[in-house]
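In: this is the structure alone, sequence omitted:
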Ligand code: PLP
């Protein structure tokens, strides 16, 4: 059975050219970048070149790029690293309610360690209101962490204006750009950020490798202690093939960004239109225009998102849901909850995230299959549809 993969926000396949770039560093060029001999120097050169490519893509200085094991580590290093480095200046951190767990749980950890955290609300589109940010700032605030684009609904925040506000007040600003890098323009100068985390596997690179941009002069406490790697900010022998792969993937995405984004947005819009036309009682989540090109989050009334995802999986369609099944109770997504979507509707959420290789035929296939799957599930559901067509 063919697979129609519509879960690119979860992860992406490694691009063939990325794999090709990585392979030599598993075989002939397997040196440790700290070794003095030729193999070591070649590995060092590969890392240096990768650092330059990543810096170029983000409009950063190569010395300000630190390779990590992925987005989660980047967010941890940015947030804990700043909190511990600036503890003598203040103890207050501001973030939003719709962040990824890599940010939320890091902040919760810091709360247990004596820090105070403000979790900003969002509007119905998932946008952080700028006045709420301004009002939350106190003279104890040392860090603001607001994600660039949301992994579930795709909403893109006005980071540049929030970054400017933080800079005006002398507060460090971090953005989790794991979902935006490679898909839309990300420029650390335009965005006015001090820290920015990215992850290779979200843009056709390998899993387990990422990078954190740290603006020169910003204090960061390392979390992993050991050798001198990554300028003493992140110890551990470098993942040379992974770093090479991340840089190669970013280079490909940057060079094809406009074309890919246009194609993904057209297909996404066709999928959205088709769903709205063919299925009653659906709600589209996220910002109508300030949204990642391939992101489509939909709530289907009167069904469970998990059942829908499993039903689609049986037909060869890979999508995901915002809900997490934890300890036997189905908790609706914290993102949809923060956007004030009623719990019973949030339960029926599904996320379709398109990528560079999706085709119109695949979207047509989904639109052929999805209405039947929804109808079957609704016919078994004890919950009826609400009055009105529910389309928003
Ligand atoms: N931040 C966001 C917004 C994400 O979507 C993800 C991955 O799902 C992460 C952080 C974590 O990245 P990684 O999987 O590289 O640890």
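Out: Right, received. Where do you want to start? Remember, predicted model here, so these are calculated numbers, not experimental data.
In: CA atoms for contacts and neighbours, from now on please.
Out: Fine.
In: next one: the residue most central in space within the chain from the ligand, what distance?
Out: By C-alpha atoms, centre = their mean, the chain has its centre lying nearest to residue 179, at 3.0 Å. From residue 179 over to the ligand the distance is 5 Å, taken as C-alpha to the nearest ligand atom, to the nearest Å.
In: quick one: contacts for that residue?
Out: 9, 148, 149, 150, 151, 198, 202 (C-alpha atoms under 8 Å, 6 or more residues apart in numbering).
In: would you list the phi and psi of it?
Out: phi -90, psi -20 (degrees, to the nearest 10).
In: just residue 155 next, same as before
Out: Per degrees, to the nearest 10, the backbone of residue 155 is at phi -60, psi 130.
In: so how many other residues sit close to it?
Out: 24 (other C-alpha atoms under 10 Å).
In: pretty sure it is touching residue 287, no?
Out: Yes - the criterion here is C-alpha atoms under 8 Å, and residue 155 meets it with residue 287 at 5.4 Å.
In: now do the shared contacts for these two.
Out: Joint contacts of residue 155 and residue 287 (C-alpha under 8 Å, 6+ apart) are 125, 126, 127.
In: which SS class is the first one?
Out: Secondary structure of residue 125, reduced to three states by DSSP: H, G, I helix; E, B strand; the rest coil: coil.
In: do the same with residue 351
Out: Quick answer, by three-state DSSP: residue 351 is strand.
In: how many residues are close by it?
Out: 26.
In: please report the distance of it from residue 150.
Out: 12 Å (C-alpha to C-alpha, to the nearest Å).
In: got it, and residue 14?
Out: For residue 14, the distance to residue 150 - C-alpha to C-alpha - is 22 Å.
In: so between those two, which is more surrounded?
Out: residue 150 (27 against 20).
In: surely residue 107 and residue 114 touch.
Out: No - using C-alpha under 8 Å, residue 107 is not in contact with residue 114, being 10.7 Å away.
In: tell me which of these two has more neighbours.
Out: residue 107 (25 against 10).
In: now for the more buried one: which residues touch it?
Out: 79, 93, 117.
In: go again with 6 Å.
Out: Contacts for residue 107 (C-alpha atoms under 6 Å, 6 or more residues apart in numbering) come out as none.
In: does it count as helix, strand or coil?
Out: Residue 107 - assigned by three-state DSSP - is helix.
In: low pLDDT regions in the protein?
Out: 322-330, 386-392 (pLDDT under 70).
In: the ligand contacts on that one?
Out: The interface of the chain toward the ligand, taken as C-alpha under 6 Å from any ligand atom, is made up of 10, 70, 71, 72, 100, 102, 150, 151, 176, 178, 179, 199.
In: what residues are up against the third one?
Out: Each residue near residue 71 by C-alpha under 6 Å, 6+ apart is listed here: 197, 198, 199, 210.
In: specify which member of these is nearest to residue 347.
Out: If you rank these by distance to residue 347 using C-alpha to C-alpha, residue 199 comes first, at 28.4 Å.
In: what's the nearest residue to that closest one if we skip its chain neighbours?
Out: Distance criterion C-alpha to C-alpha, 6 or more residues apart in numbering; nearest residue to residue 199, sequence neighbours excluded, is residue 210 at 4.1 Å.
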